[in-house]
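Visitor: Everything below, folded, please.
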Amino acid sequence: MLEPERLGMLDIDRLKEEDAYASSDTVGLVHPKNGASITIEDDGSIKVVTDLMGIAIEPDMGRINIFAPKINFITPELTVNGKKLEVGGGRSGS
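Guide: Sure thing, here's the model as predicted:
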């Protein structure tokens, strides 16, 4: 089985494990009942992690990783790598 990182995905279990052992300079919040967390690391990275979803902003790598079963972008224009993607004209149902 391929590791999530090799597929370009964020490994939520690994992020949750890392957040459980943050450095003394890490700033963060962890919900006491559901374990959702927001952390800011010494290197400027920001992680938002819930049970099945996460966002990791990694300034040293110049990337933002988003992991979720479903991602919605609400915008009239979407550009990826300089290429404008067509966006539907109206709202669609989920």
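
Visitor: Please enumerate the helices of the protein.
Guide: 12-20 (DSSP state H).

Visitor: Where does pLDDT dip in it?
Guide: Low-confidence segments of the chain (pLDDT under 70): 1-24, 88-94.

Visitor: try it again with 90
Guide: Residue ranges of the chain with pLDDT under 90: 1-32, 34-35, 41-43, 51-52, 67-82, 84-94.

Visitor: how about the strands of it, start to end?
Guide: 27-30, 37-40, 46-49, 54-58, 63-67, 78-80, 83-85 (DSSP state E).

Visitor: Now mean neighbour count too, for those strands, in TSV please.
Guide: Every C-beta, even on glycine, is put in place using the N, C-alpha and C of the backbone. Listed next are those as TSV, based on neighbours: other Cβ atoms under 10 Å:
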stretch	mean neighbour count
strand 27-30	12
strand 37-40	18
strand 46-49	20
strand 54-58	19
strand 63-67	13
strand 78-80	9
strand 83-85	9
